[in-house]
Each structure stands twice: as structure tokens, then as C-alpha cells.
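In: compute the structure for the input listed below.
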Amino acid sequence: MAAAEEADSIGQVRVCLCVLCGLPAAGKTTLARTILRGTAQHEWRSTVVCYDDLIPDHAFQSRGMEEQTHTEWKLHRQAVLQCIEQFLKNCDVSTDLPVSCKINCTAWERCIQDLLEPQSDNAPLIFLLDDNFYYPSMRYEVYQLARKYSLGFCQVYLHCDLESCTSRNQSRSKPIPAEVILDMSKRLEAPNPQKNSWETNSITLNTTDHFSDSDIQKVMELLSSALTNPLSPVEDHTEQKMADRLKCATSVVHQADQACRRLISEAMKTARENQVPPGQMRSLAAQLNESKAKFLHDLRTQFLQDVHLTDEDVDVDRAVKTAIHVFDSDKKDILLRAMSDYT
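Out: The predicted structure is shown next:
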């Protein structure tokens, strides 16, 4: 109910949050400028929310390339979405921003100034979010905001080869280190509707060469579709959330259990080949099974306690592989001790 009331406060104006993602120098800013001309022809109010302009340089410098944690950089990213949310509630450039919102306020005012032009109070609003968005979790935060207020949501992934991005970057007035682009290219996870159902409304453009009229047409059709088909607001179904987490945890733990059994079997085979006595073999098997039981218990607890987790948000195969590394390390230590004791 609360989400519905907040959605009503935005009014009847159609709004779309469009994520532009890809490597640095893939052409996101150039595409955004071109889209602005297209939206003007449709008499839509639109703006480019450029994260590089809004987030202070020191925050980018401190981000590193680690997994998403509650760093200062992540808080700045969340602040950008807070600003968009505040604007949607008030549609006023003078609205006080959240105290924790440490973004470039001058850049933000420039960003939304065009949205306040008296073209038409009912003209659709288009926010073009210009950032790398290399992790799905970054894009999912935008999706959550769109769903909270029943907004349109879509994604445009700009696919450009590493060599072209690196070359373009060097011609910039303020190029970023080449190693940052290289590292990001290894970590970038493009939108994948097959894996993440919430990424269904996405298109991919090959931007190694120049944009074509067909590319721009595809983007305009995507925006129009997103405006026409806004997301449904979030409903707080605690029982369903728990069921989703349980389903996810069960899937991960089941696959991890199968992998652990194989690892234990391999360890026992290695022990036999090294002629470990029967008594030692029984002890080894007991230790390995005890370690497996504790590992699976901890893994299940971890997944059930993650309040943000659903089976749609998790790459199960990847989660299993990551978890199994932990057990495999323990298995090797137990086997090594058993063989050392026998020797």
C-alpha cells in the first residue's frame, strides 16, 4: 500500500529510467546526446544522468575494482538514485537533497533543468543513466526504483571491443588508466534476460563502429515500449520472499552437496593409492563427512539470511563454484594431515 501511495504522488506523468551500460569509451555519452534529439522530436522531456559528472573524483579513485561492498563509492551511486527519487516526488530543482547525498549539486541542477521546461506538464520524462553498470547488481538498483514507483525501465548495452575502447579513451582530454578498462572488461556482465528475468527489456548495440539510424530507431522503440508498459510496484509478501530464499538455498546446497561428494570420493581414492591403512581411511572419511556437513549447514544459513536474495538474482552455478572452493581447501588440508600422519 505504501508503495502505491508513493507512486500516486508522482502523478500521471509517464516516466522511464533507461540504463546505458558498457565499457568506458564504448560510446554511451555520444548515444545519449543523439537520443536527446530523438526524444525532443517526440516532445518528451529527457535528460542524461551522467555518473562521472555527479560523483566526485575521489570517490571513483577509492572504489578499486572489488566486489560490491558498502564503500563510499557505492554510497555515492545510491545517492544519485536518491536524487532521482526526490525529483520524482517533488518535480522541483530547489528540493532539498538528502543530507547523506554527497554528489555534485551544481551538476545535478544542470541535469534536471531541462525537465522543468514548460513543454507540457504531462509530457513523458526520460532519464538516461550514463554509467558503466558493469555488474547486474548496479543495474538492479535502478530496476528496483522503477518498480517501486511503477516506472518504465529498459537497458541499452553498448558492446564495443576492448581495443577500440582503449584507443578512444587515449584520445580523451582526461583518459582513465588503461588497466582499469582491461580489468572492467574482465568483470563486465552484460544484460542477460535468460538468466535475469528483470533484464528482459534490454537491447544490445555494437558500437565498435558508428551508430546507424537503425540503432537509434531501436532505442526510441525501446523507450516507447518502456513508457507504455511500466513495471508493477513492489508488494511486500514476506512469506513469498522466504519461499524464494528457501528455493534458492535448496538449489545451491543440493548442487554443492553433489560436488562435495565427488571431492570426498577423489580424496579417498588418493588416500587408497597412497596405501593409507584401513583405520586411517575410516578416520579420514569421518573427518571429511563432518567437514562437509558443517560446510553445507553454513552455506544454507548464509543464503537464508540474505534478505535480498531470490532465485532470479543468483547465478546458482557460479555460487556453487565459489562455495566449493572453500570446501575443496578444507578437504586438501584434511587429506594432507591424514597422509602425513601415516607417513
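In: CA atoms for contacts and neighbours, from now on please.
Out: Noted.
In: and for T30, the neighbour number?
Out: 12 (other CA atoms under 10 Å).
In: could you say which helix or strand holds it?
Out: With secondary structure defined by DSSP states H and E, T30 is part of helix 28-41.
In: now E85
Out: Assigned by DSSP H and E, E85 falls in helix 72-90.
In: okay, buried residues for that helix please.
Out: 73, 75-77, 79-89 (16 or more other CA atoms under 10 Å).
In: residue ranges of the strands in the stretch 1-150 of the chain, please?
Out: 15-22, 45-50, 125-130 (DSSP state E, counting those that start in this stretch).
In: will you turn those into TSV that also has mean pLDDT and distance to E221?
Out: Shown next, in TSV, are the strands of the stretch 1-150 of the chain (pLDDT from 0 to 100; distance: least, CA to CA, whole Å):
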stretch	mean pLDDT	distance to E221
strand 15-22	96	12
strand 45-50	91	15
strand 125-130	94	13
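In: deepest-packed of those strands, please.
Out: strand 15-22 (a mean of 26; mean count of other CA atoms under 10 Å).
In: okay, the angle between that one and helix 72-90?
Out: Calculated by axes from the mean of the first three to the mean of the last three CA atoms, to 10 degrees, strand 15-22 forms an angle of 160 degrees with helix 72-90.
In: how far does strand 15-22 sit from the chain's center?
Out: 13 Å (CA atoms, centre = their mean, to the nearest Å).
In: tell me the angle of that strand relative to strand 45-50?
Out: Using the same axes, to 10 degrees: strand 15-22 against strand 45-50 is 40 degrees.
In: packing partners of strand 15-22?
Out: helix 28-41, strand 125-130, helix 136-148, strand 152-159, helix 213-228 (3 or more CA pairs under 8 Å, 6 or more residues apart in numbering; DSSP states H and E).
In: partners of that strand in the sheet?
Out: Its sheet considered, strand 15-22 pairs with strand 125-130 (parallel), strand 152-159 (parallel) by DSSP bridges.
In: got the angle between the longest one and helix 213-228?
Out: Think strand 152-159. Using the same axes, to 10 degrees: strand 152-159 against helix 213-228 is 160 degrees.
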